[in-house]
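> any chance you can model this:
(one chain, ligands or ions: 1)
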Amino acid sequence: MGFFDAPALNHHEQVVFGHDVETGLKAIIAIHDTSMGPALGGCRVWNYKTEDEAVRDVLRLSEGMTYKSALAGLNLGGGKSVIMGRVRDIGNEAAFRAFGRLVDSLGGRYVTAEDVNTTPQMMEWVHEETDYVAGLSPEMGGSGDPSPFTAWGTFVGIKSAANKAYGSDSLEGKTVAVQGLGHVGLYLVEHLSKAGAKVIVTDIKEERIKEMLKIKNVSAVAPDDIYDVEMDIFAPCALGSVVNDETIDRLKCQIIAGAANNVLSDYDKHGKILLKRGVLYAPDYAINAGGVINVYGEFEGYNEKRSYSRVNHIYEILQQIFTRSADENIPTMDAADAIAEERIRKIGRLKQMHRSGKRLFSKI
Ligand code: NAD
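Residues are numbered from 1 along each chain as shown. This is a model prediction of the structure:
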């Protein structure tokens, strides 16, 4: 099958391959949809086994960004980029400046940012060659680490789910199991503890757990035991695919709501099982949008307060998703997709003038 026939290409507007022999850069930028604005999405460095694997990943991730930004109410399209190889081989100034030139050649249709295995330093190198970089450090004029915003959005999302499941969004006395105490998990545990929840945490790194045990109402279990603890809410904040054939029967909770991407290993199958069991699942790309909402602020002149106030909208967005899921008896992921697609259709139509992506960005 040829590249243009690949099902994964699914309505992508543009896919750009960039190669620089001197530095060994092999990069792919995928622009899924710019109806709502410039395609924003991070740049991932990964040692893909094959080019096919890299193409599939970048297409999947860029499509995901279109939905995430649309659902969050942002005037952004979806894009993503991947750089093939190992950080130790490719994570240098020359390669990232070559990548910056590739980004710049798209004239603002694609705006890059940090993602897995890319660092603030790498983005500063990219910035030497292009203005189309978001999420730079505050010293560089950017909005910095998105994690506190992602964590706050996840906390707000958990409250929204509690409101739907229990008729009140108070987390006082509720038991929340948090898997993963990284950039997002750490902040989330603090918010939950302050809200009076009992928090059970786990991580594969002992020192992270030790740190968390200093916080009120926090206890810990071994990584694999997190699925079996008595809990009201499961908040996955480590890896994807943690709700799978093996774990789904072990989780005795009423809500699954965490920051991790791709929580359900099979959206269709596990989404339907959760719906049938009455377990409320907060779609990952709705609840973890705090980071992209914060970065979006850079397009208008960054203002932290406005970012937090926008992130608070995740509460209402989830209410809409839960209501639609209940009304139509469909998994929450399907409800979220439908709401995102409607927004792209209705508002995207009005925004044709921004299709180049450049106008919106050049306002700053
Ligand atoms: P991170 O890498 O800082 O933290 C992940 C933590 O999970 C680490 O402490 C790691 O030791 C732990 N972990 C790994 N495997 C584990 C396991 N099997 N059991 C328990 N713990 C395990 O990542 P992060 O930035 O905190 O992001 C967490 C999740 O949220 C990721 O899935 C990420 O894709 C997603 N996310 C993050 C952001 C953000 O702003 N950082 C935004 C959107 C989505």
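> mind listing what's buried along stretch 326-336?
Residues Ile330, Pro331, Thr332, Met333, Asp334, Ala335, Ala336 are the ones in stretch 326-336 that count as buried (16 or more other C-beta atoms under 10 Å). Heads up, the C-betas are built off the backbone N, CA and C, glycines and all.
> again, but for stretch 83-101
Ile83, Met84, Gly85, Ile90, Gly91, Asn92, Ala95, Phe96, Arg97, Ala98, Phe99, Gly100.
> who touches it?
18, 20, 22-28, 43-48, 51, 54, 81, 112, 117, 119, 122-123, 125-130, 133 (C-beta atoms under 8 Å, 6 or more residues apart in numbering).
> could you pick out the buried ones from these?
Going by neighbour count (16+ other C-beta under 10 Å), the contacts of stretch 83-101 have 18, 20, 23-28, 43-46, 48, 54, 81, 112, 117, 122-123, 125-127, 129-130, 133 buried.
> sec struct for the residue in the stretch 1-150 of the chain that the ligand sits nearest to, please.
Among all residues of the stretch 1-150 of the chain, Thr150 sits closest to the ligand, at 3.4 Å; criterion: C-beta to the nearest ligand atom. Here Thr150 is recorded as helix under DSSP: H, G, I helix; E, B strand; the rest coil.
> burial of it, as a residue count?
25 (other C-beta atoms under 10 Å).
> swap in the one 3 residues further on?
By the criterion of other C-beta under 10 Å, Gly153 has 33 neighbours.
> what pLDDT does the model give it?
pLDDT, Gly153: 98.
> thought it was touching Ala286?
No. If you go by C-beta atoms under 8 Å, Gly153 and Ala286 don't touch, sitting 9.1 Å apart.
> so what's the closest residue to the ligand within the chain up against?
The ligand sits closest to Gly182 of the chain, with a gap of 1.7 Å, by C-beta to the nearest ligand atom. Each residue near Gly182 by C-beta under 8 Å, 6+ apart is listed here: Ser147, Asp203, Arg208, Cys237, Ala238.
> now the residues you listed as a markdown table including secondary structure, distance to His32 and pLDDT?
Below are these laid out as a markdown table (DSSP: H, G, I helix; E, B strand; the rest coil; distance: C-beta to C-beta, whole Å; pLDDT from 0 to 100):
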| residue | secondary structure | distance to His32 | pLDDT |
| --- | --- | --- | --- |
| Ser147 | helix | 24 | 95 |
| Asp203 | coil | 33 | 98 |
| Arg208 | helix | 34 | 96 |
| Cys237 | coil | 26 | 98 |
| Ala238 | coil | 26 | 96 |
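> kindly indicate the member of the residues you listed with the most neighbours.
Cys237 (27 neighbours).
> from memory Pro120 sits against Glu139, does it?
No. Pro120 is beyond contact range of Glu139, at 9.3 Å (criterion: C-beta under 8 Å).
> look at the two and report which has more neighbours.
Pro120 (15 against 9).
> where's that one relative to Ser265, distance?
32 Å (C-beta to C-beta, to the nearest Å).
> the helix or strand hosting Asp327 near the ligand at all?
Using DSSP states H and E, Asp327 sits within helix 314-328. No. Among the residues of helix 314-328, none lie within reach of the ligand under C-beta under 6 Å from any ligand atom; the closest is 11.9 Å away.
> export the next helix or strand after that helix to PDB, keeping only CA atoms.
The first helix or strand that comes after helix 314-328 along the chain, using DSSP H and E, is helix 332-350. Output of helix 332-350 as PDB, limited to C-alpha atoms (Å, rounded to 0.1, in the frame of the first residue of the first chain):
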ATOM      1  CA  THR A 332     -17.400   9.200  27.200                       C
ATOM      2  CA  MET A 333     -14.600   9.100  24.500                       C
ATOM      3  CA  ASP A 334     -17.200   9.000  21.800                       C
ATOM      4  CA  ALA A 335     -19.100  11.800  23.400                       C
ATOM      5  CA  ALA A 336     -15.900  13.900  23.600                       C
ATOM      6  CA  ASP A 337     -15.000  13.200  19.900                       C
ATOM      7  CA  ALA A 338     -18.500  14.200  18.800                       C
ATOM      8  CA  ILE A 339     -18.300  17.500  20.700                       C
ATOM      9  CA  ALA A 340     -14.800  18.300  19.300                       C
ATOM     10  CA  GLU A 341     -15.900  17.400  15.800                       C
ATOM     11  CA  GLU A 342     -19.000  19.700  16.100                       C
ATOM     12  CA  ARG A 343     -16.800  22.600  17.200                       C
ATOM     13  CA  ILE A 344     -14.300  22.100  14.400                       C
ATOM     14  CA  ARG A 345     -17.200  22.000  11.900                       C
ATOM     15  CA  LYS A 346     -19.100  25.000  13.200                       C
ATOM     16  CA  ILE A 347     -16.300  27.300  14.300                       C
ATOM     17  CA  GLY A 348     -13.700  26.100  11.800                       C
ATOM     18  CA  ARG A 349     -16.000  27.200   9.000                       C
ATOM     19  CA  LEU A 350     -15.900  30.700  10.300                       C
END
